Each structure stands twice: as C-alpha cells, then as structure tokens.
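Chemist: quick one: sequence plus predicted model below, questions after.
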Amino acid sequence: MLKFGIIGAGAIAASGVEGAALSGAAETVAVADADPRRLAAFAREHSIGRTFAKAEDLIGDQGIDAVYVAVPNAFHAPYAIAALEAGKHVILEKPFAVSYAEARKVVEAARRSGKVFTVGMNQRFTENAQRIRALAERGYFGRIYRLRAYWRRRWGIPRLGTWFGSRALAGGGCFLDLGVHVLDLALWTAGDFDAESVSGSVYTTFGNRGLGQGDWGASMPEGLPFDVDDGALAFIRLRSGAAVQVEISWAAHQKEADRHDVELFGTEAGARVCRGEVYRFDGDLGANVAIRGLGLPLRSAPANRFVNFFRAILGEEELCVTHAQALKVQRLIDAVYESAAARREVRL
C-alpha cells in the first residue's frame, strides 16, 4: 500500500483523500498546511494521523511514497521539485506552474529522479471526455478543424482578498484557473497540442472593484489586492490547420450563471465534450448520436486522476497527462498573457 501525503489542506485537497481510497492502492497518512486551524480540521475530518506545519517537513518524511501538491500556484514548482528530489512520486494540482520556464524545471527534476510525475487535469477523467476522446482516436469525427472551449461564470470570482486574486501568488487569474481546464481538454480530445500562433486578450473588470465574488475560495491570507484577470479570450492556430477559440470569465454580465464545455467540430461529426453529446447529420436530417450506445470502453476506470497516478506508479497504467502535453499547455498559457500584454499575435 502506497503511503500518500498531501501538501495543502484547502477544499481541493479532499479529492486527493478520496482518490487514494478509490484506488485501493494508497492511503493518505499525512497532510501539511501553514494554517494550524485548517490543518487540524482537515486531519480530523479525514482521519489523517500525521500533520506538518511546513511542507518541507512532509517532503522529508521517509515514510511517504507519493505527494499531492495542492497549494497556491507560486509554490507548485518549488514543492514539486523538492518532493521529486526527495524521492517522492508527485501529482500536482493545476495549473502546472506560473511559467513555462518553471514547468520545464519540474520536468527535468522528474527525469533525474526517475519518479512518476503528472499534473492532475481532472477534466480529462470524466466519462464523457474519455468516450469522446476514444471516438476521436478512431477517426469518428473525421478531420477536427475547429474547437471552441469556454468556462464563463456570471458571478464566480474566488473570495476577494485571498491568494487567487494576487498575481504574486497565483501568477494569473481566470485563464490560469479555468482556462487551463478547457484548453487542455480541447487539445487532448483532439489529440493535437502542436500550436503555431496565439492571440490573447485579458481583462480585469470586476474583482478590482470589489465585485463578482463567488461562494468559494476560503484560502488564506486575506486582504490581498486583486490584480489578476477576471476575463480572457484566446485564439490559437494549430499547425494542423485547426483552430481553438477559448472564452473564460470569473465574472461577466451574461444570462447563465455558468457555461462550461468544449465544442468539437469535425468534417464527419461534432460533439460537446462535457455534456457527452455527439452530433451528426445526413442529408437534410439533423440528429444527435447516443454516445452510450457506441460501445466505447473507458481508458481508465474508474475515471479518476489519482487512480491513474497510483496505477502508473505500480506500472499498471500509462499516465493520462504526459510531461510533453503539460508543458505545451503551459507554453500556450504563457503565450496568451504575452500576447495580451504586447497586443499582438505570438508565434511559437
């Protein structure tokens, strides 16, 4: 049984405990967090015996085989590198890092260590996404020429004053938080990560005015200024000729409280990935295709990023999120912010 430790006791950390239990191959034995009250509450709720006030102490514990890094983005790369160098397998919460340069250092550390490292892109692990990816691999959609990826909230900025809105700790705003999910999902579903150019625009429109706060994000500390993007757009050209349109907002004047999906357009069929819907027409008859009736096996069952991580450690499965893919997504995120700052297209 693999011994699993979690760095960070925020809301997302519970998914690590649940994933370890679901795998049947690991048990969560330790957690670290700088906030003593949150640390104690998390350990008590999940019956975790060992607690650490410092991540470095958990990383140095020789009784821990693997760690989940679930802390503010600025600490992703430093903690992942430290854990890998200490001989731990690592699963890292998204986004990979605050820059491509940092992400490359993590991959280099993983290669030196020989340990399993992955970024836990959870949107890939839904049953709908896995089935539509299987269809794409079979060529069901024909040539995929366009993807539209969006996650638009009407009123959903993380709690103001926390690290989510601080560029120093988060590295960016809604595009790093939500954009990474749907961008990664679009590229993975299409099986095409090779981009040639990026145009992006980002906006800080609501959070800086104290508006748009949602009901999530209890992370400390409080009182930090809001200086990240709460809206973003990107247009990405792939070398294959396909194009990806990305629309992201933490807050926006729109009808729906939340719109979230990846729309795929192919020469033979189309799909909405998150909804698990496939569309195909013949002649003048439009039709929806029942995806569950297509006999598609799941790549990883149960569909869970932690199960995939632990099975990869045991040599039972290949990682769903590879180093190369994670690096390419991070490079695109960097390019969106670079394009927005320079107000021009960025060639890759």
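Modeler: Right, received. Where do you want to start?

Chemist: where exactly do the helices run in this protein?
Modeler: Secondary structure of the chain, counting by DSSP state H: helices at 14-23, 36-46, 55-59, 76-85, 100-113, 127-137, 167-170, 174, 180-190, 305-313, 323-342.

Chemist: quick one: contacts for residue 141?
Modeler: 135, 264, 266, 267, 268, 269, 270, 271 (Cβ atoms under 8 Å, 6 or more residues apart in numbering). C-betas here are computed from N, CA, C, even on glycine.

Chemist: can you count the residues close to the closest residue to it other than its chain neighbours?
Modeler: Leaving aside its sequence neighbours, residue 141 sits nearest to residue 266 (Cβ to Cβ, 6 or more residues apart in numbering; 3.0 Å). By other Cβ atoms under 10 Å, 22 other residues sit near residue 266.

Chemist: most neighbours of all the contacts of residue 141, which one?
Modeler: residue 271 (28 neighbours).

Chemist: surely that one meets residue 263?
Modeler: Yes. Residue 271 is within contact range of residue 263, at 7.4 Å (criterion: Cβ atoms under 8 Å).

Chemist: and residue 35, how many residues sit next to it?
Modeler: For residue 35, using other Cβ under 10 Å, the count is 17.

Chemist: from residue 107, how far off is residue 191?
Modeler: Distance of residue 191 to residue 107, computed by Cβ to Cβ, to the nearest Å: 21 Å.

Chemist: who has more neighbours out of the two?
Modeler: For residue 191 and residue 107, the more surrounded residue by other Cβ under 10 Å is residue 107, and the numbers stand at 20 against 11.

Chemist: so where's the chain uncertain?
Modeler: For the chain, residues meeting the criterion pLDDT under 70 lie at 218, 220-221, 282-287, 290, 292-295, 299-300.

Chemist: quick check: residue 46 touching residue 14?
Modeler: Yes. Look at residue 46 against residue 14 with Cβ under 8 Å: they come within range, at 7.1 Å.

Chemist: more crowded one of the two?
Modeler: More crowded of residue 46 and residue 14, by other Cβ under 10 Å: residue 46, with 18 against 15.

Chemist: ok, for that one, nearest residue in space, not its chain neighbours?
Modeler: Nearest residue to residue 46, sequence neighbours excluded (Cβ to Cβ, 6+ apart): residue 17, at 4.8 Å.
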